[in-house]
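Colleague: sequence plus predicted model, see below.
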Amino acid sequence: MLKNFFKTAWRGMVKNKFYSTINILGLTIGMASAILILLWIQNEMSHDRFYQKTDRIYLANNRDKLNGQMMAWSNTPKPLGLAIRNDYPEVEDIVRIDEYAANLLLTAGEKHFILHGIFADSGFLKVFSLPLLEGNAATALNAPNGIVLTKQLAVKLFGNEDPMGKAVSVDVTDMFTVTAVLEDLPPNTRFNFEYILPWSYAAKKSMDSNNWGSNSILTYILLKPGASQALFDEKIKNITINHTRDGADKSTTEVFTQRLKDCWLYDKQENGMYVGGRIERVKLFAIIAALILIIACINFMNLSTARSESRGKEVGIRKVIGAQRQFLIAQFMAESTLFAIVAGILSVIVVLLVLPAFNLLIGVNLFIDFSNPYYWLFALFFILLTGLLAGLYPAFYLSSIKPIKALKGAFKLAGSVVTPRKVLVVIQFTFAIVLIISTIIVSEQIKFAQNRDAGYSRSNLAFIIEFGDAHKNYELIKRGLLESGAATDVAQTSAPMTESWGDSWGFSWQGSTESDKKTDFIIFGAADDFITTMKSKIVQGRGIDVIQYKTDSTACLLNETAVKVMRLKNPIGQLITNGNDKLHVVGVVQDFILGTPYEPVQQMIICGPVLSGNVINFKLNPKPTISASLQKAEAVFKQYNPQYPFNIRYYDHEYKLKFQDEQQTGMLASLFAGLTILISCLGLLGLATFVAETRVKEIGVRKVLGASVQGIVALLSKDFLKLILISFLIASPVAWMLMHSWLASYTYQVNISLWVFIIAGALSAAIAFITVSFQAIKAAIANPIKSLRTE
Amino acid sequence: MIKLKNIFKWVNSGGNRVFLLKDINLDIKEGEFISIMGPSGSGKSTLLNVIGMLDEFNEGEYQFLDQPVHLLKEKQKAQFYKTHIGFVFQAYHLIDELTVYENIETPLLYQNIKSSERQAIVADILDRFNIVGKKDLFPAQLSGGQQQLVGVARALVAKPKLILADEPTGNLNTKQGEEIMQLFKQLNEEDGVTIIQATHSEKNAAYGSKIINLLDGRVDK
């Protein structure tokens, strides 16, 4: 029985090549898109959930009122971990991880690289069961001079040789031995390091401290089986408050835990609680995947039912020779399933071909795990679901045809006003138009932010982070750069101009209140030539100049926002205190964008040489050429910091990175808009072809009566364009609401203007018209004699 | 076998009633070979469809094998006619995507007959009609006469008691037409199959034992 169905279905598919191609193409695109999205969703949902002990691992978080709002953040003080382990019996282990401090120079033989790693407690490999290629998880991080490498780093340093037991030097002078090698990190883990160094080494580099007020590391907690998170949170709530009770700097920060399982998806905090974040994106894309698949199925439905006139005869015959409705329904479902199977196989091939480019676009390394039986099961289910979805409506529709009417050929399609077919086309194009509008608005938002005045000049501006001797030899390097003509200006800062490395609260000034102590300021350290090198603007007072003014060693600048936030009428000369530190204001600098260009600039205090520098900024000399200056600069660094590679970074590039997220969103939106339009147009093409075929006689008669080609084209296109108009009217408010809520998450928003909608509508109408016109023109120029020949 | 009493069938066209069948009374016994004749539009096909339970009537009674058909529900009717009645059409109405063998086999599929049995039955019929060599061809590869032959074979495969033929030779030339009519006569005389055919041609009508004339939906005496 089933064999008969599939045989008929296969032969039918081959016989009607045009329609079959359109159907399969549409289904393939829909399924491939859905598969890509599902792969991404699976990656997101499985993030950090695959460790053996995932269910018992928690991340410590802080909660406090800052800038007038309750906030939560995951950077915790260094002493927290040990305090938790020592005082609470339900804790099995804690793992402190410092992700920020380990950007170190690793040298093995001739090879040296500055790479990103982490400092971690010895329990790291036992708590987070990342697979090891070599070595023992329990002991690898016990030795104070042991280092754990990832496989890709091992290959970088040692090629194909076995790295176990080999020597690696860190920061030139410290010797380590390789004690374990990790498999390359999978894409669904939040960790992104190339090596692990023991926590004791961090202490040795005097980066360990007992400061409860400095939040800089991650503290993971492994609770014993059966321990309750709620009870534990109650117990540790005031741990920081208690430990600072007797000191000068009394903390009001509470501590709570977040389950490791939730950390990745729920990374956005609101009023001190983690309520959403990535999970919203996952849900959004799940909906998009479902919608794309539905649209492809709608195509199938439309084409199948539209061709019911030709199928009708077959249905009539079968009913006459004894088929009951169930048989016919089963037959048509078999047809749609066959299409789904063919499309499914093709879509997997398409996905495999497209995956590398897609991974590049979204920055994640997705892959299909063919060895996992769940994937095969899911693939089967997916194909059957598609077949069911696409085939259900046509099956019921076609099987209800009355045999006599069909055989007589009297089964004509009713030209009623609202047919299900028209509804389906409207749904497709509504979705497509919403996506087009969204794409345009996203790119407008990006342009808007990009055009914002950054507050400093980025052209030819580069920087190097001070590794090794660079800090010690700063003055020499500066002189070398200027004298050789490599740079026109050089300035040392505490952080790159594009990142915030330090912030602090607890400041007080004349007229400040207790609650002002909870205002968080970005702390930026800059030496004298900062203003001239960056070409920022001093709007009041002057820049910091230790050479001219001896007292400038405790001077600071405020940015415009700081002045507003501090409600200072005459900021020059004001005194700002924080504990034992006293700073006096000598100038106000124009706001410059340090963080995200979508939010207002945060209040900033720029200190003079009070903070030690970390970054050397220099403006490359365009004369004689930039590349010549680059070579000169490299020579200078080689001279004064020979052990370290010349890792120069450019501000233009760094600033562009700030738009990456939104650009990615924009690219994905335009990608899916394009796919949706493609699928919808495929359907439209099929329908238009079919309508032209069924109206052959009518067109023949009209031509004989004197209709022009344009007239016929207009006649055939009119109906479809009406549908597009309806789609546009529905899509516009939907898109407006969607974009409005997306933009609401940015303080700096572009205005949603009318022309966006007009362009989107015109574009879809044009595309639809072009699609339909092929068939319309072909039909219109057909010879009426041929059309009117009687059977 | 077939009893039609006061059968009326009409359609409403803009307020008026147009009668397709007017007061039809027929009594057909098993084994008869009936020819229904009449000009175009006289209601021949409509009458055949009503007898074959493919179409409904508005007034009257219809008994088939002593079963009151007008009281049967849709599903029961379908069950009834597929086991007892076979149809032959003027335009053959074969399924183009299936081979000769599969076309003939299809009615058996719908009666849930086992695969091995089906093979036996179809082989039998192919043999009887001498078309074994054509069993894997598609309808498009056959001549009109051969296609109709397959149509008749399909109508017979479920061993029906009654065959309804609507202008079976209408699309065939003289020779092909004669072959089909000879076949019908053989089926009627040797296998006892009741045959009712609608036809224009007097020559074809002569093959039957009785002629019924229809004019404007009424039996013309």
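Modeller: Thanks, I have it. Predicted model, so just to flag it, every value in this text is computed and none were measured. Numbering: from 1, shown residues only, chains lettered A, B, ... in the order given.

Colleague: how many other residues sit next to the residue lying closest to residue A:276 once chain neighbours are set aside?
Modeller: Spatially, and ignoring its direct neighbours in sequence, residue A:276 is nearest to residue A:268 (5.1 Å; C-beta to C-beta, 6 or more residues apart in numbering or on different chains). Just so you know, the C-beta spots here come from the backbone N, C-alpha and C atoms, and that holds for glycine as well. For residue A:268, the neighbour count with other C-beta atoms under 10 Å in any protein chain shown is 15.

Colleague: just the pLDDT for residue A:268.
Modeller: Listed pLDDT for residue A:268 reads 85.

Colleague: quick check: closest non-adjacent residue to residue 138.
Modeller: You didn't pick a chain, so chain A it is. Using C-beta to C-beta, 6+ apart, the closest residue to residue A:138 is residue A:126 (5.8 Å).

Colleague: please refer instead to chain B.
Modeller: Nearest to residue B:138 is residue B:99, by C-beta to C-beta, 6+ apart, at 5.9 Å.

Colleague: how much space between that neighbour and residue A:316?
Modeller: 20 Å (C-beta to C-beta, to the nearest Å).

Colleague: for residue A:595, same thing?
Modeller: 70 Å.

Colleague: who's more crowded, those two?
Modeller: Neighbours were counted for residue A:595 and for residue A:316 using other C-beta under 10 Å; residue A:316 has more, 22 against 14.

Colleague: wait, the more buried one sits on residue A:399?
Modeller: No - using C-beta atoms under 8 Å, residue A:316 makes no contact with residue A:399, being 11.3 Å away.

Colleague: now do the contacts for the residue nearest to residue B:138.
Modeller: B:135-138 (C-beta atoms under 8 Å, 6 or more residues apart in numbering or on different chains).

Colleague: hmm, 10 Å instead?
Modeller: By C-beta atoms under 10 Å, 6 or more residues apart in numbering or on different chains, the contact list for residue B:99 reads A:7, A:11, B:105, B:134-139, B:141, B:150.

Colleague: where does the stretch 601-750 of chain A dip in pLDDT?
Modeller: A:609-612 (pLDDT under 70).

Colleague: report the closest residue of it relative to chain B.
Modeller: residue A:693 (17.3 Å; C-beta to the nearest C-beta).

Colleague: helix or strand with the lowest mean pLDDT in chain B?
Modeller: The weakest-scoring helix or strand in chain B, judged by mean pLDDT, DSSP states H and E, is helix B:74-84 (a mean of 79).

Colleague: name the SS class of the spatially most central residue of chain B, please.
Modeller: For chain B, the residue nearest the mean C-alpha position is residue B:164 (1.9 Å; C-alpha atoms, centre = their mean). Going by DSSP: H, G, I helix; E, B strand; the rest coil, the secondary structure assigned to residue B:164 is strand.

Colleague: make CSV from the contacts of residue B:99 and add pLDDT and distance to residue A:56 to it.
Modeller: Listed next are the contacts of residue B:99 as CSV, based on pLDDT from 0 to 100; distance: C-beta to C-beta, whole Å:
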residue, pLDDT, distance to residue A:56
A:7, 84, 56
A:11, 87, 59
B:105, 90, 64
B:134, 91, 74
B:135, 91, 70
B:136, 92, 68
B:137, 93, 71
B:138, 92, 68
B:139, 92, 70
B:141, 93, 72
B:150, 92, 73
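
Colleague: most neighbours, which of those?
Modeller: Top of the contacts of residue B:99 by neighbour count (other C-beta under 10 Å): residue B:150, with 26 neighbours.

Colleague: where does that residue fall, secondary structure wise?
Modeller: For residue B:150, the host element (DSSP states H and E) is helix B:144-156.

Colleague: what about that helix and chain A, any contact?
Modeller: Yes - counting by C-beta under 10 Å from any C-beta of the partner chain, chain A has neighbours in helix B:144-156: B:151, B:154-155.

Colleague: buried set for stretch A:672-680?
Modeller: A:672-673, A:675-680 (16 or more other C-beta atoms under 10 Å in any protein chain shown).

Colleague: and the residues you listed, which two are the farthest apart?
Modeller: Based on C-beta to C-beta, the longest span within the buried residues of stretch A:672-680 runs between A:672 and A:680 and measures 12.1 Å.

Colleague: what stretches of chain B score poorly on pLDDT?
Modeller: B:221.

Colleague: what ranges does it have for its strands?
Modeller: For chain B, the strands defined by DSSP state E cover B:2-13, B:16-28, B:33-37, B:59-64, B:67-68, B:85-88, B:162-166, B:194-199, B:210-215, B:218-219.

Colleague: out of the ones you listed, which gets nearest to residue A:220?
Modeller: The nearest among these, by C-beta to C-beta, is strand B:85-88 at 77.8 Å.

Colleague: the closest one vs chain A: in contact?
Modeller: Yes - Strand B:85-88 lies within reach of chain A by C-beta under 10 Å from any C-beta, at B:85-87.

Colleague: just give me the longest helix of the chain.
Modeller: Reading this off chain A. Using DSSP state H, we find that the single longest helix of chain A is helix A:325-362.

Colleague: meant chain B actually
Modeller: Per DSSP H, chain B has its longest helix at helix B:174-190.

Colleague: got the angle for it vs strand B:162-166?
Modeller: 160 degrees (axes from the mean of the first three to the mean of the last three C-alpha atoms, to 10 degrees).

Colleague: helices and strands around helix B:174-190, which ones?
Modeller: Counting contacts by 3 or more C-beta pairs under 10 Å, 6 or more residues apart in numbering or on different chains; DSSP states H and E, helix B:174-190 packs against strand B:33-37, helix B:144-156, strand B:162-166, strand B:194-199, helix B:202-205.

Colleague: mind listing what residue A:741 touches?
Modeller: No contacts exist for residue A:741 under C-beta under 10 Å, 6+ apart.

Colleague: hang on, it in a helix?
Modeller: Yes - under three-state DSSP, residue A:741 falls within a helix.

Colleague: next, count neighbours for the residue in chain A that chain B sits nearest to.
Modeller: Taking C-beta to the nearest C-beta as the measure, the point where chain A comes nearest chain B is residue A:322, at 3.3 Å. Neighbourhood size, residue A:322 [other C-beta under 10 Å]: 21.

Colleague: just the one 4 residues further on next, same as before
Modeller: The local packing count at residue A:326 equals 9, with neighbours defined by other C-beta under 10 Å.

Colleague: okay, the contacts of residue B:99 in TSV with distance to residue A:225 next?
Modeller: Converted to TSV, the contacts of residue B:99 look like this (distance: C-beta to C-beta, whole Å):
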residue	distance to residue A:225
A:7	58
A:11	61
B:105	65
B:134	76
B:135	71
B:136	69
B:137	73
B:138	70
B:139	72
B:141	75
B:150	75
